[in-house]
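Undergrad: just the structure for this:
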Amino acid sequence: MKRYKINFDEIASYAEISAFSQDGKIEEFHVMIHVKPENQLFPQQYERICKAVDLLLQRPEFKDTNIVFKRYFVSDSTNQKPLMTFEKSYGVSLIQQPPLDGSKITLWLYIVKGGDFEIANSCNVLTHNGYKHIYKMGMHEHKGDSATQTESLLLDYEETLSQFSATLESNCIRTWFFVRDVDTQYAGMVKARRENFIEQGLTEKTHYIASTGIGGLPADTRSLVQLGTYALTGHEKSQIKFLYAPEYLNPTYEYGVTFERGTCVEFGDRAEIYISGTASIDNKGDVLYIGDIVKQTYRMIENVQALLAEAKSSFYDVAQIIVYLRDINDYQVVKEIFDTKFPDIPRVITLAPVCRPSWLIEMECIAISERNNSEFKDF
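TA: The predicted structure follows:
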């Protein structure tokens, strides 16, 4: 994994980049684009983000690439979305999770060089080597409570998957659920997800899906839940491994939720590792170090490290990190920890309450590990 930073001094912006590259293989880039606040209003900061993307794509290493998905982290989604321009894409999401660096907007890009990219069946689709990587982001509903909206979103997504001859149980690798007022609305989302999963054959005896369920405000004020997804077709069942780290973490169903701690997808030339939202928890399901942001942060990192190790990986392979904080005043101490431990991994630290009030912090990440699996097709 190569990591580097590009400063766009003329527009007071910069890009943190992770690049996974092998000769003759598909190249993957995870990019976090940040703007320096400079006491500017949102339109000016957004304009600089857009210019930074343009400058990034003009660089030689990004020639002939495709942006597979984008996620905008913004400070006021309802008022800021109308000020933005969106190209036709089903891989774009926008969520109110304010970046805590003082800016009003940060952008996460997933960029790929190689393969065939298209928009199909209301999804962004990357096709290569018999695989289809299917991304659908920014899904939301505006009728009913959080349970009703979650049920509707999942049913619509399952219908979308059917157009690829795919199912939630066999093909969905990763989900993100952003919940408005997570302290009160999360329970409804959890209930509807559990009931839907049972109908789809996803139970504690089969498997679940890597996921993050976190506080976040969709732009539509009527929307209580926003959903983002990644699915894969063309793979063998043996390519999927679920991560548990039982010495550190308990199974999620023991406290009533239905997601995997992490999922590793093995390809011939690499493994893609999706670590779900992870917090300061032990293998009995108890929150550790209540009220202590420093100890919670270190325990959270330890848990993620254990999950990565189970996938024969480490933080050396991590391509991006998203950190969610409940209290804005914890930002500086958490930033210093991450600056020290992971100075060059692209990341964003946002204001986004975790699903249990006593959790002060949560993180998720994606890792890409080099492999030589002769039994599987390359990515």
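
Undergrad: all the helices of this structure, residue numbers only.
TA: 42-57, 77-80, 146-162, 168-171, 182-199, 293-310, 331-341 (DSSP state H).

Undergrad: isn't Q239 right next to F376, touching?
TA: Yes - using CB atoms under 8 Å, Q239 is in contact with F376, at 5.7 Å. C-beta coordinates here come from the backbone N, C-alpha and C atoms, glycine included.

Undergrad: next, count neighbours for the residue lying closest to N196 once chain neighbours are set aside.
TA: Residue nearest to N196 in three dimensions, not counting chain neighbours: L154, with 4.6 Å by CB to CB, 6 or more residues apart in numbering. A count of nearby residues for L154, using other CB atoms under 10 Å, gives 25.

Undergrad: same check, this time on S165
TA: A count of nearby residues for S165, using other CB under 10 Å, gives 10.

Undergrad: overlap in contacts, Q239 and F376.
TA: The contact sets of Q239 and F376 overlap at E266, F267 (CB atoms under 8 Å, 6 or more residues apart in numbering).

Undergrad: hang on, the earlier thing: check the gap between the residue nearest to N196 and Q185 for me.
TA: 16 Å (CB to CB, to the nearest Å).

Undergrad: on that earlier part again, tabulate the helices of the chain (JSON lines), appending mean pLDDT.
TA: Below are these laid out as JSON lines (pLDDT from 0 to 100):
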{"stretch": "helix 42-57", "mean pLDDT": "98"}
{"stretch": "helix 77-80", "mean pLDDT": "98"}
{"stretch": "helix 146-162", "mean pLDDT": "98"}
{"stretch": "helix 168-171", "mean pLDDT": "98"}
{"stretch": "helix 182-199", "mean pLDDT": "97"}
{"stretch": "helix 293-310", "mean pLDDT": "98"}
{"stretch": "helix 331-341", "mean pLDDT": "98"}
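
Undergrad: for those, give me a markdown table that also has distance to T263.
TA: Shown next, in a markdown table, are the helices of the chain (distance: least, CB to CB, whole Å):
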| stretch | distance to T263 |
| --- | --- |
| helix 42-57 | 29 |
| helix 77-80 | 28 |
| helix 146-162 | 17 |
| helix 168-171 | 12 |
| helix 182-199 | 15 |
| helix 293-310 | 10 |
| helix 331-341 | 24 |
